[in-house]
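Student: structure for this input, please:
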Amino acid sequence: MPKIKEIERTPNPDAMRFVLAEPLTNGITRSFENSGDAEHDELAKALFSIDNVINVYYVDRYITVTQNGNAVWSELLRKLAPPIREATPQLDLEEDSEVHASREVLETDDPRLIQINQLLDEQVRPYLLADGGGLKIIALDGNRLKVHYQGACGTCPSATSGTLYAIESMVKRIDPEIQVISV
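Tutor: Numbers count the residues shown, from 1 in each chain. From the prediction side, this is the model:
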């Protein structure tokens, strides 16, 4: 049973990050955008059963829960803590190969897309994780790179402006014609 070490605010006012004393997964990222996605995950299912929870994202010692903005955090945190404390560590999980990139991206031979995914792994995703979220590449359609924010980043106002602009600036070093859009 994981012990909650800290509860941290994220740049997204509608998301909180729980820091655990021991790992919940062995580096495997789990991202759920609704209760239907969480059907086979006991922790995510328990968290989605709590009113106002709209997103659950967790990896290693971190769990990020995003609410719809209709709950008072002090009350919601009291409801979220028990299922987190009761969670069973899942140290034998296999990585969902599509958590950071769609099947199309994973199977591509487009050198730009391969470089972009590597760039995001090295220079963007670690920083987003520190803020309680992640980033998935959906597709590269012509010169339009479609990305999808996960966890706290999914509804964060700064993700769709400042972070997106920074990502586009980095990607333009690979191909100056690429435009990055959040979907």
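Student: okay, now residue 108: neighbour count?
Tutor: When neighbours are defined as other CB atoms under 10 Å, residue 108 has 17 of them. No exception for glycine: its C-beta is placed from N, CA and C like everyone else's.
Student: any idea whether the nearest residue to it once chain neighbours are set aside is helix, strand or coil?
Tutor: Spatial nearest neighbour of residue 108, excluding adjacent residues (CB to CB, 6 or more residues apart in numbering): residue 114 at 6.9 Å. Under DSSP: H, G, I helix; E, B strand; the rest coil, residue 114 falls in the helix class.
Student: looks like residue 114 contacts residue 107 (just checking).
Tutor: No. Counting by CB atoms under 8 Å, residue 114 stays clear of residue 107, with 11.0 Å between them.
Student: higher neighbour count, these two?
Tutor: A direct count of neighbours by other CB under 10 Å for residue 114 and residue 107 places residue 114 higher, at 13 against 8.
Student: ok, the more buried one to residue 142 distance?
Tutor: Here the criterion is CB to CB, to the nearest Å. By it, residue 114 lies 17 Å from residue 142.
Student: give me the buried positions along the worst-scoring helix or strand of the chain on mean pLDDT.
Tutor: Within the chain, no helix or strand scores below helix 103-106, which has a mean of 87 by mean pLDDT, DSSP states H and E. For helix 103-106, the buried set under the neighbour-count rule, 16 or more other CB atoms under 10 Å, comprises residue 105.
Student: for it, packing partners?
Tutor: Using 3 or more CB pairs under 8 Å, 6 or more residues apart in numbering; DSSP states H and E, the elements in contact with helix 103-106 are strand 133-141.
Student: any idea of the mean pLDDT for stretch 155-166?
Tutor: Averaging pLDDT along stretch 155-166 yields 83.
Student: hey, where'd the helices end up in the protein?
Tutor: For the chain, applying DSSP state H gives helices covering 42-48, 73-86, 103-106, 111-123, 125-130, 164-171.
Student: any idea which of the ones you listed is most buried?
Tutor: Across the helices of the chain, averaging neighbours per residue (mean count of other CB atoms under 10 Å) puts helix 42-48 on top, at a mean of 20.
Student: who touches that one?
Tutor: Under the contact criterion CB atoms under 8 Å, 6 or more residues apart in numbering, helix 42-48 has outside partners 24, 30, 32, 34-35, 37-39, 53, 56, 58, 63, 65, 80, 83-84, 86-88.
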